[in-house]
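S.K.: sharing a sequence plus its predicted fold:
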Amino acid sequence: MKAFVWWFAAFLILELSLYGLSAAFPSSDQSLAFFPIFPAIFVAMAIGGVHSAGLISFAVGIVVTAVVYALVAWAPVRLFKRKIGGRAYWLVPIPFVIVVLLGFLLSYANAPNTGPPTFLRSGNLAGLIKALPDYAPFGYDGLSFYKGKLYASTNVGLVEIDGEHVNGIYRFQRSDSVVSGPWLDIPDQLLWTLDVHANELVNFDGTVWHRVKFPQPQKGYLTRGDVLQGPRPIGNAKGFWLEAGGSVWRWNAAMSKWMVEERPPNSPASVSEVIGVLPIGEKLLFIERHELLPFLIKPGENFASDTVDYGKGGWHTIQNDAGFKFLAEEWAVTDDAGYICSRDGVVLKVTSEKVTKLDAPGSCEALASTLSNSLLVSFRDQGIYEYKQNWELRAAQPYSSAVGDYWAYLSADGPRIALALHGKSVMSEEPSDSGAIRFTRKAPSRLWVYQASEFHSIPIP
């Protein structure tokens, strides 16, 4: 028994040492690091609570784990000791070896994909959507035409559509294949997306996918709010820019890397953070936010307006002619101007000299620039309009005016227009049987393509 105790103690210490070493290095797989003492962690969480595994409960978990390992290790020793004598103690490490091997196998099986996405035919979409949890139903997060096809980002992957036919879907991960974007890089002829699970940017040249490491913000990290907001890329005929975490980069295709752009300095006296850029002509204009928690602002409440700044012999704020306060929701650029759709549905025109409020047909819900350098805007209940010098109706809305709250996404390719809606979660007026707050969606998630003078619904299971 004494020999067994010595052998067992040695391998238990070795196991804990391996855990400590793997957990100490951020580059190692954390699931593998935690797996060898998973029983201890499980017991600790059961004692201390799901969100609290304190020192005492963790110590109890270690003891329970050691007892379980000891019992499993003692069984083969007792069984074979009479037959092979002292050599039976070499069987002590069997449970440790099994646990480590299982850890490697599970770690490999659950490791995130670091290569190109897998393309699945459209017949697989129904099963992927059905497998989604009730709290995260199928929905869209963006649209872009690229080389004649339409690409739609969803929470199951990037859907590829040719005409009115769904070709299939690009899956960036085996599970949790949520994709943001896509964004068109005109000068480099690339389509960019964000693999949310891996937090990696991925570009596509029509044939090959390339992963690009997400650049590090100048402040050194991304806050939870930065991650939830996601990156905000924008491009024109001269370049492709990315904003994230208050920093801005321009893509250098020749060097295959992001080049940081100088941005306005943060003001120590007030809230000031870059949330996006407008590349207009030779100038790069910065949209700055001056509210710390803009989502808490109620309709009719006073707030600090966003501003548009530029650098030339110092930093300057572009004059707001109308004196209109706004919070930028989304934006787009043409050759000579930028356009902002505010949270209140107002359309603002931005040049290097001034910010002006446009008289518009209705409340803006989505906007996009066209390849002919005009502006395309979807107005709620009014239709989709193109703006050059004046507003011109391109298409009536394909949805009912009674539809609830939603996000809208817009893209154009010559005469073709794509519009997608994704219903927002709103508090249900009918509480659950337990009295808990329930959330529901009153608007659908739908996709339409406008061609041959009318909208066609794209059936996605």
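M.R.: Alright, I've got the coordinates.
S.K.: neighbouring strands of the helix or strand containing residue 192 in the sheet, and parallel or not?
M.R.: According to DSSP states H and E, residue 192 maps onto strand 190-195. Here strand 190-195 has these sheet partners by DSSP bridges: strand 179-185 (antiparallel), strand 200-204 (antiparallel).
S.K.: what's in contact with the shortest one?
M.R.: Contact with strand 200-204 is made by 117, 146, 172, 185, 190-195, 209-214, 231, 242, as judged by C-beta atoms under 8 Å, 6 or more residues apart in numbering. C-beta: built from backbone N, CA, C; applies to glycine.
S.K.: mind redoing it with 6 Å?
M.R.: 190-195, 209-212, 214 (C-beta atoms under 6 Å, 6 or more residues apart in numbering).
S.K.: with the longest one instead?
M.R.: When contacts are taken as C-beta under 6 Å, 6+ apart, the neighbours of strand 179-185 outside the stretch itself are 141-142, 144, 151, 153, 157-158, 191-194, 196, 230, 233, 235, 240.
S.K.: out of those, which are buried?
M.R.: 141-142, 144, 151, 153, 157-158, 191-194, 196, 233, 235, 240 (16 or more other C-beta atoms under 10 Å).
S.K.: these two touch, right, residue 441 and residue 423?
M.R.: Yes: here residue 441 reaches residue 423: they are 3.6 Å apart, a contact under C-beta atoms under 6 Å.
S.K.: out of these two, which sits in the busier spot?
M.R.: Neighbour count, other C-beta atoms under 10 Å: between residue 441 and residue 423, residue 423 has more, with 20 against 17.
S.K.: what stretches of the stretch 251-400 of the chain score poorly on pLDDT?
M.R.: Across the stretch 251-400 of the chain, the ranges flagged by pLDDT under 70 are 268-269.
S.K.: and the helices in this structure?
M.R.: 2-24, 30-34, 38-48, 55-84, 94-110, 125-130, 224-229 (DSSP state H).
S.K.: contacting residues for the residue lying closest to residue 261 once chain neighbours are set aside?
M.R.: For residue 261, ignoring the flanking residues on the chain, the nearest one in space by C-beta to C-beta, 6 or more residues apart in numbering is residue 248 at 4.3 Å. By C-beta under 6 Å, 6+ apart, residue 248 lies in contact with 261, 263, 277.
S.K.: what does residue 423 give?
M.R.: Counting by C-beta under 6 Å, 6+ apart, residue 423 has contacts 406, 441, 443-445.
S.K.: now the end-to-end length of stretch 337-357.
M.R.: 13 Å (C-alpha to C-alpha, to the nearest Å).
S.K.: per-residue pLDDT, the nearest residue to residue 77 once chain neighbours are set aside?
M.R.: Nearest non-adjacent residue to residue 77, counting by C-beta to C-beta, 6+ apart: residue 88, 4.8 Å away. pLDDT for residue 88: 74.
S.K.: repeat for residue 430
M.R.: For residue 430, the model assigns a pLDDT of 68.
S.K.: next: residue 58.
M.R.: At residue 58, pLDDT is 57.
S.K.: with residue 215 instead?
M.R.: For residue 215, the predicted pLDDT is 93.
S.K.: mind picking the lowest-pLDDT entry from the contacts of residue 423?
M.R.: Pick the lowest pLDDT in the contacts of residue 423 and you get residue 441, at 78.
S.K.: relative to residue 182, how far out is that residue?
M.R.: Distance, residue 441 to residue 182, by C-beta to C-beta, to the nearest Å: 23 Å.
S.K.: picking that back up, worst mean pLDDT among the helices of the chain?
M.R.: Across the helices of the chain, the lowest-scoring stretch is helix 30-34, with a mean of 44.
S.K.: for residue 221, what are phi and psi?
M.R.: Per-residue torsions, residue 221: phi -160, psi 170 (degrees, to the nearest 10).
S.K.: ok, it to residue 245 distance?
M.R.: 7 Å.
S.K.: neighbour count for the two, which is higher?
M.R.: Of the pair residue 221 and residue 245, residue 245 is the one with more neighbours under other C-beta under 10 Å, namely 22 against 8.
S.K.: ok, now which ones touch that one?
M.R.: Contacts of residue 245 (C-beta under 6 Å, 6+ apart): 217, 222, 226.
S.K.: the first one is in contact with residue 243, isn't it?
M.R.: Right, residue 217. No: Residue 217 is not in contact with residue 243 according to C-beta under 6 Å; the separation is 9.6 Å.
S.K.: give me the more crowded residue out of those two.
M.R.: residue 243 (22 against 18).
S.K.: run a quick neighbour tally on residue 314.
M.R.: Residue 314: 5 neighbours (other C-beta under 10 Å).
S.K.: picking up where we left off before, closest to residue 129 out of the contacts of residue 248?
M.R.: residue 277 (35.1 Å; C-beta to C-beta).
S.K.: relative to residue 424, how far out is that closest one?
M.R.: Residue 277 is 27 Å from residue 424, by C-beta to C-beta.
S.K.: quick one, domains of this protein?
M.R.: 2-110, 118-457 (automatic domain parsing).
S.K.: point out the most buried one among those domains.
M.R.: domain 118-457 (a mean of 17; mean count of other C-beta atoms under 10 Å).
S.K.: all strands for the stretch 201-350 of the chain, in order.
M.R.: 209-212, 234-236, 239-244, 247-252, 257-260, 273-280, 283-289, 307-311, 315-317, 319-320, 328-333, 338-342, 347-350 (DSSP state E, counting those that start in this stretch).
S.K.: with distance to residue 358 added, can I get those strands in JSON lines?
M.R.: Shown next, in JSON lines, are these (distance: least, C-beta to C-beta, whole Å):
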{"stretch": "strand 209-212", "distance to residue 358": "36"}
{"stretch": "strand 234-236", "distance to residue 358": "19"}
{"stretch": "strand 239-244", "distance to residue 358": "24"}
{"stretch": "strand 247-252", "distance to residue 358": "26"}
{"stretch": "strand 257-260", "distance to residue 358": "33"}
{"stretch": "strand 273-280", "distance to residue 358": "15"}
{"stretch": "strand 283-289", "distance to residue 358": "17"}
{"stretch": "strand 307-311", "distance to residue 358": "15"}
{"stretch": "strand 315-317", "distance to residue 358": "20"}
{"stretch": "strand 319-320", "distance to residue 358": "13"}
{"stretch": "strand 328-333", "distance to residue 358": "13"}
{"stretch": "strand 338-342", "distance to residue 358": "8"}
{"stretch": "strand 347-350", "distance to residue 358": "5"}
